[in-house]
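> take a look and give me a structure for this.
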Amino acid sequence: MPINLQMPALSPTMEEGTLAKWLVKEGDEVASGDLLAEIETDKATMEFEAVDEGTIAKIVVAEGTDNVKVGEVIAIIAEEGEDVAEASKGGEGSAEKPKKEAPAPKGEEKPAKPSRDVTPKVTDPAPKGDAPASEGERIKVSPLARRLAEQKGVDLGALSGSGPGGRIIKADIDAAEGGTAPVKSQAAVPAPAPAATPASAASDFDIPHTSEKLSGMRKTIARRLTEAKQTIPHIYLTVDIQLDKLLKLRSELNATLEPRGVKLSVNDLLIKALAVSLMQVPKCNVSIDGDQLKTFARTDISVAVSIPGGLITPIITSADTKSLSTISTEMKDLAGRAKDGKLKMHEYQGGTASISNMGMFGIKNFDAVINPPQAMIMAIGAGQKRPHVIDDSLQIATVMSATGSFDHRAIDGADGAQLMQVFKELVENPLGMLA
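Predicted coordinates:
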């Protein structure tokens with residue numbers, strides 16, 4: 001029986017992806033562990049391995065195709081001894097081939113299968129081509145037909161499917177493009193309301209511009225940030241922190257670490273400071289999970305890294321117990337592989353809290369958006385020479401602003417304020433984080 005190769009879910013948040021590149025072609029023999037394709041997920045470009053043996057009978061989804069839904073058939077594999085040409089005829093429609101049912105014993109009535117649809121079903125089978133393409137608001141259409149309709153601009157709602165149960169299939173899209181497809185009666189299809197013309201300066205004045213299709217990563221970032229701002233009640237707490245002692249300690253440590261090829265960044269020390277702070281204020285090292293509040297026993301810090309096309313947050317696990325040199329080495333490795341799209345899923349999925357440092361770009365202070373399901377993120381501004389009161393006298397000091405964004409459902413303002421105070425104390429007296 002042909003094996004339908006489906007679009008895999010390569011991360012917990014992945015709903016669709018881009019089939020960036022096929023590493024095999026039709027007719028190639030593959031074995032378990034062979035690389036089949038490169039798939040662009042919402043976070044990175046990842047390699048997809050085979051789990052079955054056989055021959056690539058048909059590539060259903062061409063490389064470069066965007067918005068391929070998880071579970072959609074992307075290729076067909078013929079098993080050993082199976083006719084490749086015959087196997088290549090499958091693949092459109094459902095992701096799995098229906099199994100044949102054993103006939104009911106003579107004299108016994110076959111029990112009806114429970115329906116998986118929530119809408120009522122008619123008991124008499126509709127003749128091919130007569131059933132409506134939609135039930136209620138749901139249009140019945142194969143994944144291939146839906147993709148072709150989007151590419152060719154065919155209105156699925158106006159078609160009557162010729163597939164099983166009125167399902168719209170590829171042949172209906174081809175017929176619609178040629179003007180021969182059966183359409184629903186005008187009574188069944190209300191006239192569309194005139195589309196509102198957006199008040200766009202570009203449409204009025206035809207301003208020169210370029211257009212670029214959103215990548216899967218950018219669309220996911222947009223969706224997750226919108227959900228975060230709409231569903232998480234953010235509370236923002238800001239403190240000013242004197243950096244001079246931390247900068248002095250960093251300079252001394254780098255002098256001793258130079259023979260080992262390690263150079264600490266300010267961000268490495270701030271990662272450590274946040275991790276230790278969260279262990280001292282465990283009420284902030286938490287996450288909302290439905291009607292449960294999880295309190296974590298360790299601190300895994302997600303670090304925002306800018307990469308081409310978006311942002312990713314590789315994780316320093318158990319950052320509270322790791323040495324600064326280990327944090328620095330791991331961070332350089334993770335950031336490098338993040339920019340090359342080579343992170344493994346467990347290296348960027350999870351984390352108990354996040355840190356985002358835009359101080360390196362000269363940003364004085366900003367409010368970061370929480371990365372769910374985490375409940376806090378620390379936004380780091382630039383260290384600047386400022387007038388600062390030290391021992392009741394006005395002096396010049398290197399000061400940075402840090403702003404914590406907290407999920408107010410999980411973290412009370414007083415607990416967030418305590419975390420910010422502990423973080424400030426550790427950064428201003430950095431030997432405390434090394435003890």
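> so what's the spatially closest residue to G33 that is not a sequence neighbour up against?
Spatial nearest neighbour of G33, excluding adjacent residues (CB to CB, 6 or more residues apart in numbering): E49 at 5.7 Å. C-beta: built from backbone N, CA, C; applies to glycine. Counting by CB atoms under 8 Å, 6 or more residues apart in numbering, E49 touches S32, G33, D34, L35, L36.
> element containing D172?
helix 170-178 (DSSP states H and E).
> what about I370, how many residues nearby?
Neighbours of I370 under the rule other CB atoms under 10 Å: 22.
> for E53, see how far away it is.
45 Å (CB to CB, to the nearest Å).
> so which residues of the chain form helices?
84-87, 143-152, 170-178, 201-205, 216-231, 244-257, 266-280, 324-339, 413-428, 431-434 (DSSP state H).
> now find how far off-centre stretch 161-176 is within its chain.
In terms of CA atoms, centre = their mean, to the nearest Å, the centre of stretch 161-176 is set 32 Å apart from its chain centre.
> if you count residues, where's the longest strand of this structure?
strand 393-407 (DSSP state E).
> quick check: buried residues in that one?
Along strand 393-407, these residues count as buried under the neighbour rule (16 or more other CB atoms under 10 Å): A397, T398, V399, M400, S401, A402, T403, G404, S405, F406, D407.
> for A158, state which of those residues is nearest.
D407 (45.1 Å; CB to CB).
> ok, that closest one - contacts?
I232, P233, H234, I288, I370, Q374, A375, M376.
> wait, the fourth one touches P373, no?
Yes. Contact criterion CB atoms under 8 Å: I288 and P373 qualify, at 6.8 Å.
> so which of the contacts of E49 is the most crowded?
Counting by other CB under 10 Å, top hit in the contacts of E49: L36 with 22 neighbours.
> W22 is in contact with that one, correct?
Yes. L36 is within contact range of W22, at 7.4 Å (criterion: CB under 8 Å).
> low-confidence ranges in the protein?
12-13, 42-43, 90-138, 143, 163-165, 178-205 (pLDDT under 70).
> can I see the domain layout of it?
3-87, 134-178, 233-434 (automatic domain parsing).
> which among those domains is found nearest to K213?
Across the domains of the chain, closest to K213 is domain 3-87 (CB to CB), at 7.2 Å.
> and that closest one, how far apart are its ends?
Using CA to CA, to the nearest Å, the end-to-end distance of domain 3-87 comes to 8 Å.
> quick one on the thing from earlier: nearest to P308, of the helices of the chain?
That would be helix 324-339 among those, by CB to CB, at 7.2 Å.
> list the buried residues for the closest one?
L324, S325, T326, I327, S328, T329, E330, M331, L334, A335, R337, A338.
> got it, and stretch 285-303?
Per 16+ other CB under 10 Å, stretch 285-303 contains these buried residues: N285, V286, S287, I288, F296, T299, D300, I301, S302, V303.
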